[in-house]
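Student: Dropping a prediction and its sequence here:
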Amino acid sequence: MLVFIDESGHPHPNDPTTCPVLAAVCFHESESRSISRQLFGIKRTLLGDERADKELKANEILNKRTFNRRPELRELVEEVFDQIQNLDITIFAVVMERPETEIPRDTIYLPRQYRFILQRVNALLDLQKSMAFVLVDGDGSQYGGLSAKIERFLNRSYEGQSMTNVVDTPYFVDSRYTTGIQFADLAAGVIRQYHEAELFRNPHSSDPYLRAIARYYRIIASKSRDLNTPGGYPLYGIYRMAEHLHYFDPEDEMPSGDQP
């Protein structure tokens with residue numbers, strides 16, 4: 001299985017987003033070429049050959065300006081979510097609250113939202129009896145060295161060592177050339193806007209753009225799964241993470257080789 005991870009917004013007190021989201025899109029490697037070809041075909045049909053390699057970025061195409069003034073991009077978004085609806089994929093997401101104070105980056109510990117995503121991926125793999133490669137947007141330097149923190153979590157923490165179906169080397173990729181990351185970016189963008197607009201309270205907004213976001217969210221939610229840990233603890237497919245969980249006690253995740 002391939003697991004593509006991307007975020008919309010960033011958990012920082014100065015970030016304009018109030019509900020940053022980390023999302024993961026999972027599908028079997030045997031489906032990868034077919035999914036990429038389908039997406040390329042949609043872009044070529046709607047945008048033409050010269051723009052068929054356009055990267056799908058939520059902050060560029062999931063906004064009211066595009067929705068109201070760029071009919072070709074609006075149709076592109078519609079076609080892509082129609083495609084997602086028909087794909088054999090699983091989507092997980094962690095919806096965060098914007099932290100009130102800056103989160104320390106100079107620790108060795110993996111940010112909680114990544115830990116929660118990996119919990120859900122591992123539970124899915126346990127059901128499917130398969131292995132997964134984790135692919136993350138970026139160069140691995142974010143969060144004070146995300147590549148090292150993921151590797152350390154998987155190899156040196158009690159919980160990470162138990163995730164035997166997750167390949168212990170994360171791959172950091174360029175979203176411009178990675179279809180799965182573009183899907184994860186769109187999913188994270190929709191989920192973030194859905195929660196920031198509190199569409200769970202009023203999914204039938206009078207705003208046509210927000211109604212479209214609510215519809216896209218329902219497609220994403222239909223591709224998510226609620227699972228359980230081996231001990232029976234619930235793992236919600238789209239999980240709302242409390243603000244205080246940004247600041248956790250490192251003892252919660254003591255690496256097995258670093259015990260006092």
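Tutor: Everything's here; your move.
Student: how deep is the closest residue to residue 195 other than its chain neighbours tucked in, by neighbour count?
Tutor: Among residues not flanking residue 195 along the chain, residue 19 sits closest, at 4.2 Å (CB to CB, 6 or more residues apart in numbering). (C-beta placed from N, C-alpha, C; glycine too.) Residues near residue 19, counting by other CB atoms under 10 Å, number 21.
Student: Tell me who's in contact with the closest residue to residue 87 other than its chain neighbours.
Tutor: Excluding the flanking residues, the one nearest residue 87 by CB to CB, 6+ apart is residue 35, at 6.3 Å. Residues near residue 35 by CB atoms under 8 Å, 6 or more residues apart in numbering: 27, 87, 179-180.
Student: Now list the buried members of these.
Tutor: For these, a burial check counting by 16 or more other CB atoms under 10 Å picks out 27, 179-180.
Student: got any ranges where the chain has weak pLDDT?
Tutor: 248-260 (pLDDT under 70).
Student: For it, just list every one of the helices.
Tutor: For the chain, applying DSSP state H gives helices covering 32-47, 58-61, 64-69, 71-86, 112-128, 142-156, 158-162, 179-196, 208-222.
Student: so which of these is the most packed in?
Tutor: Among the helices of the chain, ranked by average contacts under mean count of other CB atoms under 10 Å, first place goes to helix 179-196 (a mean of 25).
Student: Give me the angle between that helix and helix 32-47.
Tutor: Angle of helix 179-196 versus helix 32-47, following axes from the mean of the first three to the mean of the last three CA atoms, to 10 degrees, is 70 degrees.
Student: Okay, and the beta partners of residue 166?
Tutor: Per DSSP bridges, the residues bridged to residue 166 are residue 132.
Student: Apart from its chain neighbours, what residue comes closest to the residue nearest the centre of the chain?
Tutor: Central residue of the chain (CA atoms, centre = their mean): residue 23, 1.3 Å from the mean position. With sequence-adjacent residues excluded and distances taken as CB to CB, 6+ apart, residue 23 is closest to residue 188, at 3.8 Å.
Student: and stretch 6-14, how far apart are its ends?
Tutor: End-to-end distance of stretch 6-14: 20 Å, with CA to CA, to the nearest Å as the criterion.
Student: shouldn't residue 13 be in contact with residue 98?
Tutor: Yes. Residue 13 is within contact range of residue 98, at 6.6 Å (criterion: CB atoms under 8 Å).
Student: okay, the two: which has more neighbours?
Tutor: residue 98 (19 against 10).
Student: Not counting sequence-adjacent ones, nearest residue to the more buried one?
Tutor: Counting by CB to CB, 6+ apart, residue 18 is the residue found nearest to residue 98 once chain neighbours are left out, at 5.0 Å.
Student: for residue 185, same thing?
Tutor: Nearest non-adjacent residue to residue 185, counting by CB to CB, 6+ apart: residue 6, 4.6 Å away.
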